[in-house]
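Student: Any chance you could fold what I've pasted below:
(chains A and B)
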Protein chains: 2
Amino acid sequence: MSEHFFDQAVALQPDGDNAFSGAAHPAWANMVGPFGGITAASALNGVLSHPHLLGAPIALTVNYAAALGPGGYRLAAVPVRTNRSTQHWTMAMTQPGADGAEATVLTATAVTAARRATWSQSDAPMPAAPRPGEAERLQSFGVEWLERYDMRSVRGALPRTWDGSGEDSLTQLWVRDEPGRPLDFLSVASLADVFYPRVWLRRATRVPAGTVSITTYFHADAAMLARSGTGYVFGQARAQAFSNGFFDQAVQLWNEAGELLATSHQIVYYKE
Amino acid sequence: MSEHFFDQAVALQPDGDNAFSGAAHPAWANMVGPFGGITAASALNGVLSHPHLLGAPIALTVNYAAALGPGGYRLAAVPVRTNRSTQHWTMAMTQPGADGAEATVLTATAVTAARRATWSQSDAPMPAAPRPGEAERLQSFGVEWLERYDMRSVRGALPRTWDGSGEDSLTQLWVRDEPGRPLDFLSVASLADVFYPRVWLRRATRVPAGTVSITTYFHADAAMLARSGTGYVFGQARAQAFSNGFFDQAVQLWNEAGELLATSHQIVYYKE
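Tutor: From the prediction side, this is the model:
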């Protein structure tokens, strides 16, 4: 069986101390460069592939400095501090620029940790929703990376008419890898970025927009991910503010059983 | 007139290319090391003090790798990529470790940008609340940095009895620098971290806790900050999940006129 497109895209080859090489995968192409979610997952994979890794991801911040080009990239992933139960990482993705010199296309930080069982409590229950089989499957509109997901709309799908009539920015959907793939930290990192720009929904108007920085907090541990398997993930996204060129997006992701897997936030550039 | 304690604490001296030196200030002491908010503001000040700065802060992520010691620190602030209207930064704070070698105590990233006027909309209205003068002023309980703020409780103050009776994690308060100081990006970065650990409120139980990573998105531009002046800021904090050693905290900050200044999120380590 050939490798899943997700695993092909996040694949890294060791390339010296604290460094890897990889390449953007055409199956994940977005308008300009690859889908940001798969790039975030690739950056996190540098941490998870590192021989000195301690624990599992707790926090991941990815800053998109430039569109990733079609050629290969170099990924530095450095464990800058290892404590007893937490580890701090910095990452940077570089590609040759127009002048041939290596240029930064992405910076990132991550925290990993060896979790211990403690009192736990989720205060963000999954909203009521029809089951995935009862929700309308979204089309890919010719965008290549959307073919990599099975998305089913619950609320706030892409407006059908761009008439400026938007009222809120809330999207809810079911989503899973297409074809199915057991959920892991990398796919959660990618899923946190599957929502189209909130400004399109809020205004029912299409304007240029792109993620500048995304932060994801993982509430799931390996056991919760294993319980989630190849089931659907319920995702919700909403903006709090649109302010002179930048809006925020707050995201929650639950597994099919309603357990909160991750919360995520991003700040997005938009025009007009 | 002597300089405000806030300005004393975030002060940096140029110390080579892309580098500054500073020191933790005793007026901002917390249980272990200084208050995290003032340290985040100090890291951001490396960006704002840099001769190559483009624009104003949009996003700031600070990862606390170790407690900042009482001596001086070195802060690297590097503009790793400058685009037409956005600029990407990485920061690192180091101090000599037990072995004398420089050790990383903090990593951070920031995005700054030259904003342009666009369609704007706030979808996070400030909650109804009594005015600051009608709200009870919080005590500092002998914690030094709390003396640096005038905080007035609206809801969710520190529990008076630690009896395990907590029901939610929502705190709302008015806060401003004490004495007054005109709001700027640095003080907003610090204010995003003034809330005590959500797990204490949710459980009405005191357990060891400390911020691991905080991300703040600035919706305010310089004009909104100028309008805010030395007025109070209304802040709200709430957790979404407490999961085996780490909980998240979502924060909104509004100025006294109800304009959304910033949204912020953090992930916090806790025990038991």
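Student: Next to chain B in this structure, residues from the stretch 151-272 of chain A, please.
Tutor: By the rule Cβ under 8 Å from any Cβ of the partner chain, the part of the stretch 151-272 of chain A lying against chain B is A:168-169, A:202-203, A:212-213, A:215, A:217, A:219-221, A:238-246, A:248, A:250, A:252, A:260, A:263, A:265, A:267, A:269-272. (Glycine included, C-beta is placed from N, CA and C.)
Student: Buried only: go through those for me.
Tutor: Among those, those classed as buried by neighbour count (16 or more other Cβ atoms under 10 Å in any protein chain shown) are A:169, A:202-203, A:212-213, A:215, A:217, A:219-221, A:238-246, A:248, A:250, A:252, A:260, A:263, A:265, A:267, A:269-270.
Student: quick one: least confident helix or strand in chain A?
Tutor: The weakest-scoring helix or strand in chain A, judged by mean pLDDT, DSSP states H and E, is strand A:136-137 (a mean of 94).
Student: before we move on, back to that, what about the residues of the stretch 151-272 of chain A next to chain B, which are in strands?
Tutor: In this view, these that belong to strands under DSSP state E are A:212-213, A:215, A:217, A:238, A:241-243, A:246, A:248, A:250, A:252, A:260, A:263, A:265, A:267, A:269-270.
Student: which SSE is the residue nearest the centre of chain A in?
Tutor: In chain A, the residue lying closest to the centroid (Cα atoms, centre = their mean) is A:Ser190, at 2.8 Å. Assigned by DSSP states H and E, A:Ser190 belongs to helix A:185-191.
Student: helices and strands around that helix, which ones?
Tutor: When contacts are defined as 3 or more Cβ pairs under 8 Å, 6 or more residues apart in numbering or on different chains; DSSP states H and E, helix A:185-191 sits against helix A:5-10, helix A:36-48, strand A:56-64, strand A:209-218, strand A:233-238, strand A:260-270.
Student: So what's the model's average confidence on that helix?
Tutor: For helix A:185-191, mean pLDDT is 98.
Student: Need the residues that contact the helix or strand that the least confident helix or strand of chain A is followed by.
Tutor: The C-terminal neighbour of strand A:136-137 among helices and strands, as given by DSSP H and E, is strand A:149-155. With contacts defined as Cβ atoms under 8 Å, 6 or more residues apart in numbering or on different chains, strand A:149-155 is touched by A:129-130, A:132, A:135-138, A:170-178, A:194, A:232, A:234.
Student: now these: which count as buried?
Tutor: Buried among these by 16+ other Cβ under 10 Å: A:129, A:132, A:135, A:138, A:170-178, A:194, A:232, A:234.
Student: List the residues that contact A:Tyr64.
Tutor: Applying Cβ under 8 Å, 6+ apart, we find A:Tyr64 in contact with A:36, A:39, A:105-106, A:210-213.
Student: Show me which of the residues you listed is closest to chain B.
Tutor: Set against chain B, the nearest of the contacts of A:Tyr64 by Cβ to the nearest Cβ is A:Ser213 (4.4 Å).
Student: Go ahead and confirm the closest one touches A:Thr61.
Tutor: Yes - with contact defined as Cβ atoms under 8 Å, A:Ser213 counts as touching A:Thr61 (6.7 Å).
Student: Touching both of those two, which residues are there?
Tutor: By Cβ under 8 Å, 6+ apart, A:Ser213 and A:Thr61 have these common neighbours: B:61, B:109, B:215.
Student: and the last one, what are its bridge partners?
Tutor: Looking back up the chat, that one is B:Thr215. Counting by DSSP bridges, B:Thr215 is bridged to B:Thr61, B:His265.
Student: Go ahead and confirm it touches B:Gln266.
Tutor: Yes - here B:Thr215 reaches B:Gln266: they are 7.3 Å apart, a contact under Cβ under 8 Å.
Student: Tell me the residue in chain A that is farthest from the middle.
Tutor: Outermost residue of chain A (Cα atoms, centre = their mean): A:Asp99, 30.5 Å.
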